[in-house]
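J.: Sequence first, then the predicted structure, then my questions.
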Amino acid sequence: MSVSISAATASRRFRLARCVGVLVACLAAPAQVAGQSEAIAFTGAAVIDPATSGVLANATVVVRDGVIVSVVAEGEIPAAARTIDLGGRFLVPGLIDAHVHIGTLEAARRALLSGVTTARSMGAGFFADVGLRELSRRGSLAGPEILAAGYHVRPRPAEGLFLDEPGLSDLLGRDVRGPEALGRVARAMLDRGVDFIKVNATERAGLPETDPRKPFFTESELAALVAEASRGGVPVAAHAHGDRGGRAAVAAGVRSIEHGTYLGDETLRLMRERGTYLVPTIAVVSDLTVPGGDYDDPVLQVRGRHMLPRVRETAAAAHALGVPLVAATDTGYGSGSVLRMSHELMEFVGIGMSELDAIRAATTVAAELLGIADRTGRVAAGFEADLLVLDRNPLDDIGQYQDVLFVMSDGVIALDRLDFRADVIGADAIGADAIGTEEVGTRP
């Protein structure tokens, strides 16, 4: 009885919190929309549109109401538009981080300031990612657009799922097995309005007591989950390190494999045939091997040193076969995180991808995976004004993404460091309190 009361109370508290958040968002939205009505013209821009090749030099890009209106070489500037002269700097699309674990406002903001304008959540307690998504849609969130997955579907789901979904209480404390049980969990996710369902097809790599090769579900169980999700119009992403679990997930019809460390050639060929995306998250495996960061455990450091060359090898083989690769960090953007999308892009170039293909993996190809390729991921007329400015050409050095100078998300400026020049400000004036950065919200 006490468990039932606690679950019902937790559920009511979550729904109340979400309603309050939505109310606050609605009240704040008019001011945000009003701020977007101003036209902004970027002049002197070196534009990189990943859907094309090369650079459009000395371009003028006009943004109004959160949308790119025009991209032309030396175009006219609309009357009364605010002009931002980039002086030859590079204007590129905002990054799409296709695998994150963002569950707080501060983490979302930290991701945004690093250049991430869209993020797919692959797990957040108490459906916090759904709440973040709604705040973002209403203009109240200083962060990227969020696509939410809620909880992981795994044999032993997190206890928080049962606190908010007491109807699943008979599954608490025992393995979730069989098509019927998996279908019930999927329906619970769909009822919460998730954009993706994430299933763990194998154990995790980031816990010292787990074996990332170990499969969790059979192909028939995974197929039942995919079918239930499809009836709700939602795709499935499968966490899978081992080949057996990964192959079962691909055969079951998942849209993407997350990680894929030990996938074999036969599984990769099946992915190519079915159009299954691979999100290898290479840089986070590198994080396993060193102290600090998202992981800091001697067992994981030993494991990571073995996994890192394997995941690089798998990703390179997938790319050579024509499997679509998508960039992601698998970080929560916490205060101790040392991972950013720039590090994954550098890993992609390191496995043999061109700089342009690496950029596409974080923009146009990622947008295809997420089903939003018609509105973001490009610097083109009619697309959302999700834009970054880099000092130098990332087609020559992908590491330029480590130093983002300017971030615009849906036409709203989140970060502006374009005038940080010692000859303008004065070398002695540059410091934590002297820098006049334009940011959304308070400083980190």
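T.: Happy to help now that I have it. Residues are numbered from 1 along each chain as shown.
J.: For the stretch 301-444 of the chain, which segments are assigned as helices?
T.: 341-350, 355-361, 364-370, 422-425 (DSSP state H, counting those that start in this stretch).
J.: a markdown table for these, including mean pLDDT, distance to residue 132 and mean neighbour count?
T.: All C-beta spots, glycine's among them, are computed from the backbone N, C-alpha and C. What follows is those, written out as a markdown table (pLDDT from 0 to 100; distance: least, C-beta to C-beta, whole Å; neighbours: other C-beta atoms under 10 Å):
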| stretch | mean pLDDT | distance to residue 132 | mean neighbour count |
| --- | --- | --- | --- |
| helix 341-350 | 98 | 18 | 23 |
| helix 355-361 | 98 | 24 | 22 |
| helix 364-370 | 98 | 16 | 23 |
| helix 422-425 | 39 | 35 | 10 |
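J.: Show me the one of those that comes nearest residue 223.
T.: helix 364-370 (20.4 Å; C-beta to C-beta).
J.: gap between that closest one and the chain center?
T.: 11 Å (C-alpha atoms, centre = their mean, to the nearest Å).
J.: got a list of contacts for it?
T.: Around helix 364-370, the neighbours that count as contacts under C-beta atoms under 8 Å, 6 or more residues apart in numbering are 50-51, 96, 98, 118, 120, 147, 195, 255-256, 277, 279, 324-328, 373, 375-378.
J.: returning to what we had before: among the helices of the stretch 301-444 of the chain, which is nearest residue 139?
T.: helix 364-370 (20.4 Å).
J.: Turn the helices of the stretch 301-444 of the chain into CSV, including distance to residue 108.
T.: Formatted as CSV, those follow (distance: least, C-beta to C-beta, whole Å):
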stretch, distance to residue 108
helix 341-350, 14
helix 355-361, 22
helix 364-370, 17
helix 422-425, 29
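J.: quick one: which of these is nearest residue 174?
T.: Using C-beta to C-beta, the helices of the stretch 301-444 of the chain put helix 364-370 closest to residue 174, at 33.5 Å.
J.: was I right about residue 336 contacting residue 295?
T.: No: at 10.1 Å, residue 336 does not count as touching residue 295 under the criterion of C-beta atoms under 8 Å.
J.: of these two, who's got more company?
T.: residue 295 (21 against 10; other C-beta atoms under 10 Å).
J.: wait, the more buried one sits on residue 207?
T.: No: using C-beta under 8 Å, residue 295 is not in contact with residue 207; the gap is 9.5 Å.
J.: and residue 180, what does it touch?
T.: Residues in contact with residue 180 (C-beta under 8 Å, 6+ apart) are residue 224.
J.: Can you tell me how far it is from residue 201?
T.: Counting by C-beta to C-beta, to the nearest Å, the separation of residue 180 from residue 201 is 19 Å.
J.: is it true that residue 240 touches residue 251?
T.: No: between residue 240 and residue 251 there is no contact under C-beta under 8 Å: 11.7 Å.
J.: neighbour-wise, which of these two wins?
T.: residue 240 (33 against 16).
J.: which one is that one nearest to, not counting chain neighbours?
T.: residue 246 (3.7 Å; C-beta to C-beta, 6 or more residues apart in numbering).
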